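>>> show me the folded form of this:
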Amino acid sequence: MSRKTDLLATMAAVRPDRLDPPADPGRLERIRARAMSKPEPEPGRVTARAPRRRIRYGGAIVAAAALVAGLIVVARPTGQDTDPPSARRTLLAAATTLQEGDTAAGRYWTADLSTYTTASYVGDTAAGPPPPTAKPLYRFSSTCRARLWAARSGRDTSWLVVDAVTDRRLSGADEHAWLRAGAPRPRTCEIHGMSVGLRAAPPAALALQRTMRTTRREEPTYPSAAGVPITLDQIAALPTDPTALKTALDELWLDSTASATEPKADRTPPPDVTFQQITDLLVGAPAPPAVQAALYRVLAGLPIDRSHGTVTDRLGRHGVAFWTATGATDTRLIIDPRTGRPLAVESRLAGELDGYTLVLRQGWTDTVPTLPAHRL
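Numbers count the residues shown, from 1 in each chain. Below you'll find the model as predicted:
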């Protein structure tokens with residue numbers, strides 16, 4: 001038998017069992033013996049060259065076996081997914097994509113937002129917040145459409161334009177209680193937990209402060225980071241170095257929760273607070289791409305989980321979800337890894353969808369906003 005014929009026989013011998021017609025229990029041992037045996041020298045050949053030919057021959061057997069093994073791997077059931085990349089690696093890649101893809105410039109950083117939340121009405125709160133034990137009069141869902149216009153220059157005014165707010169009671173009993181309470185109109189627009197007070201019916205515009213921090217309780221708290229008001233100048237001054245940015249976010253939270261009995265140096269914001277700060281700045285606040293990329297890099301350093309494969313937001317757009325342990329409230333950030341853009345943030349309470357904010361569009365523009373007559 002020639003070596004060519006012997007090699008073909010060996011290749012046939014390492015085929016998957018499902019391709020061999022009869023069962024052959026001794027096949028594996030014969031393959032091993034054939035691979036380890038010395039080939040017979042051909043007539044007229046110098047035997048001193050045999051070691052080199054053995055090396056080639058063994059390599060050919062290994063290559064043939066690897067090829068067949070490769071075919072076996074390809075033939076795996078298609079339903080078995082490989083493990084997705086780690087959360088850290090995905091976030092770092094999204095940060096690079098976002099930063100490298102931002103070549104545009106404009107007069108305003110803009111975003112179109114759509115929000116949904118569920119809430120409870122506990123009566124007129126003009127006299128102050130209700131006690132924690134107050135029983136809700138009725139429950140309702142609220143949707144808000146808003147547009148952000150954050151001016152690059154301090155010489156221009158920045159705006160949040162609330163186009164529409166719609167409240168719907170969750171049940172017939174809630175509807176009756178709403179009517180008994182006087183059918184009050186919507187009073188706020190909630191953008192991922194950032195409450196914008198409606199002193200005028202939408203459409204209405206809110207001028208955003210560049211330097212003044214909101215202090216009065218009845219004033220809008222937009223924009224904010226984890227419930228702490230933040231001004232446009234503070235956002236613009238956020239560093240793009242991840243370590244420095246994490247320190248700035250920590251300081252923002254620590255300053256707002258300062259306590260005389262607990263020194264600031266002895267306190268560290270828990271990961272869920274930093275996660276909330278990042279999602280607020282990414283999704284609902286006027287953070288431009290360079291800051292967004294840095295926020296992703298800070299997020300990559302937290303104990304973060306990511307979805308196995310892709311998920312879809314409420315508009316059916318595909319992305320990757322990230323979250324961290326936050327107790328009963330599960331908040332998930334969804335981004336598009338192809339562009340690095342944030343798509344949405346969703347909140348669930350005890351497993352039930354409690355609210356979300358969708359980013360319909362983000363980007364720079366030179367177009368000046370058309371403002372409604374009413375002001376907030």
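>>> distance of M194 relative to L206?
11 Å (CB to CB, to the nearest Å). Just so you know, the C-beta spots here come from the backbone N, C-alpha and C atoms, and that holds for glycine as well.
>>> scratch that, T231
Per CB to CB, T231 is found 14 Å from L206.
>>> which one of these two has more residues nearby?
L206 (22 against 16; other CB atoms under 10 Å).
>>> quick one: strands adjacent to whichever strand or helix holds that one?
L206 belongs to strand 204-208 when assigned by DSSP states H and E. Here strand 204-208 is paired, per DSSP bridges, with strand 158-169 (antiparallel), strand 374-375 (parallel).
>>> weakest of those strands by average pLDDT?
Across the strands paired with strand 204-208, strand 374-375 has the smallest mean pLDDT, namely a mean of 92.
>>> run through who's touching that strand.
Applying CB atoms under 8 Å, 6 or more residues apart in numbering, the contact partners of strand 374-375 are 200-207.
>>> hmm, who's touching the helix or strand where T247 lies?
Element membership for T247 (DSSP H and E) is helix 242-256. Identification of contacts with helix 242-256 by CB under 8 Å, 6+ apart yields 225-228, 230, 234, 238-239, 264, 267-269, 273-274, 277-278, 291, 294-295, 297-298, 301.
>>> about what we covered before: tell me the mean pLDDT for the strand holding L206?
For strand 204-208, mean pLDDT is 93.
>>> may I have the beta-bridge partners of W323?
In this entry, W323 is beta-bridged to D305, R332, by DSSP bridges.
>>> run a quick neighbour tally on it.
Neighbours around W323, by other CB under 10 Å: 21.
>>> dump the residue contacts of it.
Counted by CB under 8 Å, 6+ apart, W323 has contacts 275, 304-305, 330-333.
>>> show the buried residues in those.
Among these, those buried by neighbour count (16 or more other CB atoms under 10 Å) are 275, 304, 330-333.
>>> widest-spaced pair of these?
I304 and D330 (13.2 Å; CB to CB).
>>> for R168, give the beta-bridge partners.
Residues in beta-bridge contact with R168 (DSSP bridges): S141.
>>> surely A294 forms part of a helix?
Yes: applying DSSP: H, G, I helix; E, B strand; the rest coil, one finds A294 inside a helix.
>>> okay then, goodbye and thanks.
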